[in-house]
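Engineer: here is the input, now give the coordinates:
(one chain, ligands or ions: 1)
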Amino acid sequence: MRTAIYPGSFDPLTNGHLDVVQRAAKLFDRVIVAVARNEGKKPLFSHQERLELVRQEVAGLGNVEADTFEGLLVDYVEHKQAQAIVRGLRAVSDFEFEFQLALMNRKLNERIETIFMMPKDTYTFLSSRIVKEIAHLGGDVSAFVRPNVQAALRRKFQSV
Ligand code: ADP
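Structural biologist: Next comes the predicted model:
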């Protein structure tokens, strides 16, 4: 059983994330999308909200599940008996940070490999941050996120 963990903030989940999930699901027997709880990033959505959005969108993919994690990623990967970490690479701008992260995780646990997946070219400009900015300003984000995520963004920005 080959298991991969796809960790991230997913604040919120975008079509770019889903593209990476679908690609990883073809390579691994089991993919766990792991919503990070402990980033000091002051997320717009709580980890429960982010988890629920991920859960709704991966429900149709038989070998993909959603979870949250806290603490060191490599410990969570071991706990889930997974072999790999999946991360998305959009552009050169992602590279430096992702490279550093991957090598640090390898230092912490040599057994775990990091696999990078490139999304469909139309998603290379897409980030959760930009989706939040557009939604906050009342723009249409329907091409970038699933309807459930769009509805969640609308509720969030109506209430602030
Ligand atoms: P983090 O805060 O851990 O970077 P994100 O939710 O922003 O969490 O992203 C999780 C992973 O998904 C990262 O590897 C990021 O590079 C990747 N990612 C984010 N947006 C996209 C996208 N549009 N296409 C491909 N990968 C993406």
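Engineer: going forward, measure contacts between C-alpha atoms and count neighbours the same way
Structural biologist: Will do.
Engineer: tell me how far residue 74 lies from the ligand.
Structural biologist: In this view, residue 74 and the ligand are 14 Å apart by C-alpha to the nearest ligand atom, to the nearest Å.
Engineer: for that residue, which residues are in contact?
Structural biologist: Under the criterion of C-alpha atoms under 8 Å, 6 or more residues apart in numbering, the neighbours of residue 74 are 105, 108-109, 112.
Engineer: export those to a markdown table and tack on pLDDT, distance to residue 70 and neighbour count?
Structural biologist: A markdown table is the format used below for the contacts of residue 74 (pLDDT from 0 to 100; distance: C-alpha to C-alpha, whole Å; neighbours: other C-alpha atoms under 10 Å):
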| residue | pLDDT | distance to residue 70 | neighbour count |
| --- | --- | --- | --- |
| 105 | 97 | 15 | 19 |
| 108 | 97 | 16 | 14 |
| 109 | 97 | 17 | 14 |
| 112 | 97 | 18 | 19 |
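Engineer: widest-spaced pair of those?
Structural biologist: The distance between the two most remote of these (C-alpha to C-alpha) is 9.1 Å, for 108 and 112.
Engineer: on that earlier part again, so of the contacts of residue 74, which ones are in helices?
Structural biologist: Counting by DSSP state H, the members of the contacts of residue 74 that fall within helices are 105, 108.
Engineer: relative to the ligand, which of the contacts of residue 74 is nearest.
Structural biologist: residue 105 (13.3 Å; C-alpha to the nearest ligand atom).
Engineer: quick one: contacts for the closest one?
Structural biologist: 73-74, 112.
Engineer: again with residue 28
Structural biologist: Contacts of residue 28 (C-alpha under 8 Å, 6+ apart): 2-4.
Engineer: centre of the chain to stretch 68-78, how far?
Structural biologist: Centre-to-centre, stretch 68-78 and its host chain are 14 Å apart (C-alpha atoms, centre = their mean, to the nearest Å).
Engineer: and the average pLDDT for that stretch is what?
Structural biologist: Averaged over stretch 68-78, pLDDT sits at 97.
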